[in-house]
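>>> Structure, please.
(2 chains)
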Amino acid sequence: MEKAERFERKRWLQDPILLLIIVFVIAALVIFVLLPLLSIIQGSFTDKASGAVTLETYRKVFADRNFRASFGNTLWLGFVVGLFSTILGFLFAYTKQCVKSPFKKLYSVVEILPIISPPFVLAFSAITLLGRRGLITYRLLGLRNVNIYGFWGLVIVQTLSFFPIAAMTLDGLLENFDVSMEEAARNLGASRFRVFRTVQIPMLASGLANVFLLSFIESATDFSNPTILGGGYTTLATQIYVQAIGNYNQQAGTAIATILLLVTVGIFVLQKAVLDKRSYVTLTGKASRVREMIDDPKIMIPTNALCLFISFTVLLFYVFLVLSSFFKTWGADYTLVLKNYDYVFQYSMKPVKDTLIIALIAAPIGGVLAMIISFLVVRKRFVGRRLIEYVSMLGMAVPGTVFGLGYILTFNTPPLVLTNTLWILVICLVMTRLPVGVRSAMSALRQIDPSIEEAASDLGARTTKVFASVTLPLIRPAFYTSLVFSFVKSMTAISAVIFLVSANYNLLTVRIMQHVDKGQFSYAAALSTILMVIVFVAVGLMNVVLNHLGRSTDTKFDMFKQ
Amino acid sequence: MSEQKVYTTNPNAKRLQLIDLEKVYPNKHGADVHAVDRINMDIAPGEFVTLLGPSGCGKTTTLRMIAGFEKPTGGDIRLGGESIRYLSPDRRDTAMVFQTYALFPNLNVYDNIAYGLKIKKLTRQEIQEKVMGILNLTGLMGLENRHTNELSGGQQQRVALARALVMEPGILLFDEPLSNLDAKLRIQMRTEIRKIQRAVGITAVYVTHDQAEAMSMSDRIVILKDGRIEQMGSPKEVYYSPVSEFSANFIGTANMLHGKVVGKQDDGISVSVLDMEISGIKTDREFVVGDECTLVIRPEACTVQEKGLLSAKVVFSTFMGSYQLYELEVGGNRFTVHENNPKNQHIYETGETARIELDVADIHAI
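Predicted structure coming up:
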């Protein structure tokens, strides 16, 4: 037995590069994900003066009426937004997958828009359109005492921002259902509604629960919308920033962060459990046949009408964000002028440049790291695999503000001082965007027959060679997508990095929030428009590149005749 | 057990020994599951051995342990006399043909086949020669620039075979390689694989659950059941002298009659069955008088006629082209007969009584 163990160890040494990579990945995840979270938790239990373990911070925080209100607000807002996002998401997904409609392209665009935009654009337009002096509420409807700030404003904006993710998730589920099950039910005499009630909904149940919890987390971790639109309605995510940065009370910040972390991680675990419990989805990729679309006007008209209404609302919000960047005076003089752009081009180009540089560094690092991690997790068996999987996914449940605060606490003091550098922003962006990249790479990898990689290693390829010559080329589309996605998300990120910007490096999103803070909505709108233009161009380029790649793999005949 | 038969003159072909090879997994409840339970096998260089068995019998696990994709929990694997148990797959002198072919979709036919040679760092000249040679052998000439998704199933199969063969491995492994082909092509390919294997003179281990494949291709068949070897032998041996009802049933169809040993002679045993006594029945087992035994009779060894050894009632009779299929009842037992070339025979219909005639030499007792 002892001999066997020695051989097992030797087996590791047969692939030293793999071993090195695993050690590197684990180290990176521990230092840049776990450590910041641990220092927050540790900070919240430590008395600052004496260094002793204490519950005093929590006692103070819980005694604070403001905190208790924020706590309740966060949960209630998360619940309501989760509910509405699930309903709207399901409506969109169902209409797209099951109902006849000439507007499906439009629905797809509306699903994509909020995902690739900065998180606060809808909040701006909500103020422009629905605020006290809003174009719709005040000018059009003549309402006098409208207050968009607060709970309902947040519900509207967050729902419109987060339902697309729900829609896309459910979309994918419905698309992959085997249609023959629905046909079997119809064949056995079930009415269309009965099929909906007894086949589709039960099969979607875990998906719906998942989407609800996902939207709940999005809402609870959202920083920018409550900051802009919250008014007196405070949430935990914003309170962390207010306490730690605004009131210089880092101690209280850490305690609130720990509590919020507990909430989101709890929901994340719940969501995992829901997903693991039972999945009816046939993982064979595409459904076998195309679903016959419902063309009954009693279903077609109301579903399409609702989807169109939501779609136009979202589009209206976007159009007015762009328009309001040209307004002469926000809320008073709606003449279209270029002066706002003159200003930002003169004073805010450094953040634009910094943001571009940082995003261009962070995206490829994050993309490659995500591919490596997903390869290790899906295809390799080793001690620490679970650790890598869970820690890289943890970012999904950690609110950005918690991350940001953790980074300050951890990297402000030796041994690793990174604050005020470009690298703290890069690393933070890489780590917060990691879960999405890892998840999409993992699902791409799972669709590839593992025997293709086994064949390579059977023919003599080491792990690194297998990865470079077979795995990477096969998941290349997923790789490029995640590259652009992480670029986009790095451009639009705000909640974590707002803690980490410095005089040396400011970011575009943070600059926008600074304008908002000073009430300079026009400048903020102008910068947001610039940001969106950059992002849309990047996404457009990606589509061109991907289309080109798609064609070239089919016609690539002469590789050997180089 | 290894025979001294020489199968090949190819010096690359290696001997494969499995020694007490074992794979144990804990199941959900923590109990041990013996996927492969101390298997011993000695495969001569150039021999074609088929692992045959129902799903879950451990045949694929055994193959994957030989290739290195699964780690044994006990025992040893020796290739050419040296243990390869602790080698990673890329360091083993094995090449596998996968069930799903596992062709690299990002490479064309030529580059698929050249993949392993490039890793071996052969010169471009050598690679070119070897690839062209193998393309010729496998009938893929002219397709080298095709993309893998532009090939038919049979062609993909050939590429997978070529990619493994070109490595000139010590042993070639096949994991149900024909299961994704249609019936006609499957029959064509199995002959072809066998021909190529003989021509190259390479050792081969072939996993399948299709007994016809096993019969037609193998030098030796290993029947596996629940992770253990049920029987090992040439196709003729396992067909005509099965050691158990499982073996008899798994290879071909078999009729079973239960009886009692009443006497022993030099040329066999006497068995009392269905109220009569039959003498001269062959067996490999050491029976003593009084033992229970089972008589195995192959359907094609019998004919249905007016006179014969056993009296029977026709339950079902149907024309199958090359033979007439009878389902009969013999003393409470279901009995199948394949009456070959029925064109000029009298056909018995359902409900009729008849007799079954067979040669005692075709009865095997277990």
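
>>> Just the element for residue 270, please.
Using chain A. Using DSSP states H and E, A:L270 maps to helix A:250-277.

>>> Chain B was what I was after
Counting by DSSP H and E, B:S270 is part of strand B:268-273.

>>> what sits up against that strand?
B:257-264, B:277-283, B:287, B:293, B:295, B:365 (Cβ atoms under 8 Å, 6 or more residues apart in numbering or on different chains). For every residue, glycine as well, the C-beta is placed using N, CA and C.

>>> re the thing from before, list the buried residues in the helix holding A:L270.
Neighbour-count burial for helix A:250-277, counted by 16 or more other Cβ atoms under 10 Å in any protein chain shown, picks out A:250-261, A:263-265, A:267-268, A:271, A:274.

>>> Mind telling me which residue of chain B is nearest chain A?
B:G116 (3.2 Å; Cβ to the nearest Cβ).

>>> what about the closest residue to that residue other than its chain neighbours, how many neighbours?
Leaving aside its chain neighbours, B:G116 sits nearest to A:L459 (3.2 Å; criterion: Cβ to Cβ, 6 or more residues apart in numbering or on different chains). When counting by other Cβ atoms under 10 Å in any protein chain shown, one arrives at 28 neighbours for A:L459.

>>> tell me the contacts of A:L459?
B:D90, B:A95, B:Y115, B:G116, B:I119, B:R163, B:A164, B:M167.

>>> Can you show me the CA trace of whatever helix or strand the second one lives in as PDB?
What that stands for is B:A95. Assessed by DSSP H and E, B:A95 sits inside strand B:94-97. This file holds the C-alpha atoms of strand B:94-97, laid out as PDB (Å, rounded to 0.1, in the frame of the first residue of the first chain):
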ATOM      1  CA  THR B  94      -1.600   2.100 -26.200                       C
ATOM      2  CA  ALA B  95      -3.800   3.600 -28.800                       C
ATOM      3  CA  MET B  96      -7.600   3.600 -28.600                       C
ATOM      4  CA  VAL B  97     -10.400   3.800 -31.000                       C
END
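
>>> Show me the domain layout of the chain.
Going with chain A. A:38-322, A:350-502 (automatic domain parsing).

>>> I was after chain B.
Using automatic domain parsing, the domain parsing of chain B gives B:16-93+B:169-245, B:253-365.

>>> Tell me which residues are up against the top helix by length along chain B.
Counting by DSSP state H, the longest helix found in chain B is helix B:183-200. With contacts defined as Cβ under 8 Å, 6+ apart, helix B:183-200 is touched by B:10, B:48, B:137-138, B:153-154, B:157, B:161, B:165, B:172, B:174, B:177-178, B:181, B:204, B:210, B:213, B:216-217.

>>> Check which residues of it are buried.
B:R186, B:M189, B:R190, B:E192, B:I193, B:R194, B:I196, B:Q197, B:V200.

>>> Settle this for me: A:T264 is touching A:G400, isn't it.
No: assessed by Cβ atoms under 8 Å, A:T264 is found out of contact with A:G400, at 10.7 Å.

>>> shared neighbours, these two?
Contacts common to A:T264 and A:G400, judged by Cβ under 8 Å, 6+ apart, are A:T221.

>>> What sits closest to residue 55 if chain neighbours are left out?
Let's take chain A. A:F45 (7.2 Å).

>>> wait, I meant chain B there
B:H209 is the one closest to B:S55 (Cβ to Cβ, 6+ apart), at 6.5 Å.

>>> which ones are touching the one you found?
Per Cβ under 8 Å, 6+ apart, neighbours of B:H209: B:L52, B:G53, B:P54, B:S55, B:K59, B:E176.

>>> Check B:V24 too.
With Cβ under 8 Å, 6+ apart, B:V24 has these contacts: B:D32, B:V33, B:H34, B:A35, B:T73, B:G74.

>>> The same query, at a cut-off of 10 Å, please.
Contacts for B:V24 (Cβ atoms under 10 Å, 6 or more residues apart in numbering or on different chains) come out as B:D32, B:V33, B:H34, B:A35, B:V36, B:D37, B:P72, B:T73, B:G74, B:G227.

>>> What of B:L151?
Taking Cβ under 10 Å, 6+ apart, one finds B:Y101, B:L103, B:V109, B:L140, B:L143, B:Q157, B:R158, B:V159 in contact with B:L151.

>>> Tell me which two of the residues you listed sit farthest apart.
Spatial extent of these (Cβ to Cβ) is set by the pair B:Y101 and B:L143 at 14.3 Å.

>>> Between those two, which is the more surrounded one?
Shown here are B:Y101 and B:L143; by other Cβ under 10 Å, B:Y101 has more neighbours (24 against 17).

>>> hang on, that one is in a strand, isn't it?
No: B:Y101: not assigned to a strand; according to DSSP: H, G, I helix; E, B strand; the rest coil it is coil.

>>> Not including adjacent chain positions, what is the nearest residue to it?
Per Cβ to Cβ, 6+ apart, closest to B:Y101 is B:A160, 4.3 Å.

>>> The stretch 301-450 of chain A against chain B: which residues are in contact?
Within the stretch 301-450 of chain A, the positions near chain B by Cβ under 10 Å from any Cβ of the partner chain are A:R381, A:I448, A:D449, A:P450.

>>> which of the residues you listed lies closest to A:P477?
For these, the nearest to A:P477 is A:I448 (11.7 Å; Cβ to Cβ).
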